[in-house]
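Student: what's the 3D shape of this:
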Amino acid sequence: MMYLGVMYAAGQGTIRNYRQALAWFSRAADAGDSQAMCNVGSLYYQGAGISKNYDEARKWFRRAAVAGNAQAMFNLGVLYRDGSGVPVDYEEALKWLRQAAENGNAGAMNGIGVIYQNGQGVPADYAEAMRWFLRAANAGSGSAMYNLGVSYKEGRGVSANPEEAAKWFAKASTAGADHDATKIP
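Tutor: Next up is the predicted model:
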């Protein structure tokens, strides 16, 4: 069921049809598929084929997160960090991002680094941000690789090192870094 939803959402082997995707994701979600729950939340978040509804997105992300879906945990963290349909709440954002990071979500690791770098709800701590960026980069996050490059270029949390910065920028480029990868997909 879930994969039929993916095919309709992506237009793979059929014409893209978000309403059909939602129907199939919903059926799979009702059967307990946490990724399908997360996908329903993403459709509501994006307003893909349906009216954008952050409250519904949050409910579906929470349902999927409680079921153990790391991507949904990350998405909840982003909602609370950005204030999308909820008041900005960095404590709640960090709670969900940490849970996602503990479950191997590289985007969440990078997101935690950004929070420490920017001092969002915590004192700015470039060294802590670097630790999270490195952890995320080692888990494959191109955006974290980019953030490490910036940190080495500007001397944030480490001594400025143009050679090390260039190394991380090259890795980020090779990884296809999207410099806005702290957003909900």
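
Student: quick check: closest non-adjacent residue to Ala144.
Tutor: With sequence-adjacent residues excluded and distances taken as C-beta to C-beta, 6 or more residues apart in numbering, Ala144 is closest to Ala136, at 3.4 Å. No exception for glycine: its C-beta is placed from N, CA and C like everyone else's.

Student: please tell me I have it right and the one you found contacts Ala106.
Tutor: Yes. Between Ala136 and Ala106 there is a contact under C-beta atoms under 8 Å: 4.9 Å.

Student: any idea which element Val127 lies in?
Tutor: Not Val; residue 127 is Ala. Using DSSP states H and E, Ala127 maps to helix 126-138.

Student: packing partners for that helix?
Tutor: helix 106-118, helix 142-154 (3 or more C-beta pairs under 8 Å, 6 or more residues apart in numbering; DSSP states H and E).

Student: among those, which is nearest Arg63?
Tutor: helix 106-118 (18.2 Å; C-beta to C-beta).

Student: distance-wise, check the residue nearest to Ala144 relative to Tyr45.
Tutor: Using C-beta to C-beta, to the nearest Å, Ala136 is found at 22 Å from Tyr45.

Student: ok, back up a step: so what sits against both of Ala136 and Ala106?
Tutor: Common neighbours of Ala136 and Ala106, using C-beta atoms under 8 Å, 6 or more residues apart in numbering, are Ala144.

Student: thinking again about what came up before, Ala136 and Tyr45: who's more crowded?
Tutor: Ala136 (28 against 24; other C-beta atoms under 10 Å).

Student: what sits against the more buried one?
Tutor: Ala106, Gly107, Met109, Asn110, Gly113, Ser143, Ala144.

Student: swap in Glu91?
Tutor: If you count contacts by C-beta under 8 Å, 6+ apart, Glu91 has them with Gly121.

Student: give me phi/psi at it?
Tutor: phi -60, psi -50 (degrees, to the nearest 10).

Student: now swap in Arg63 and tell me
Tutor: Per degrees, to the nearest 10, the backbone of Arg63 is at phi -60, psi -40.

Student: how about the nearest residue to it, chain neighbours excluded?
Tutor: The nearest residue in space to Arg63 (C-beta to C-beta, 6+ apart) is Met37, at 5.0 Å.
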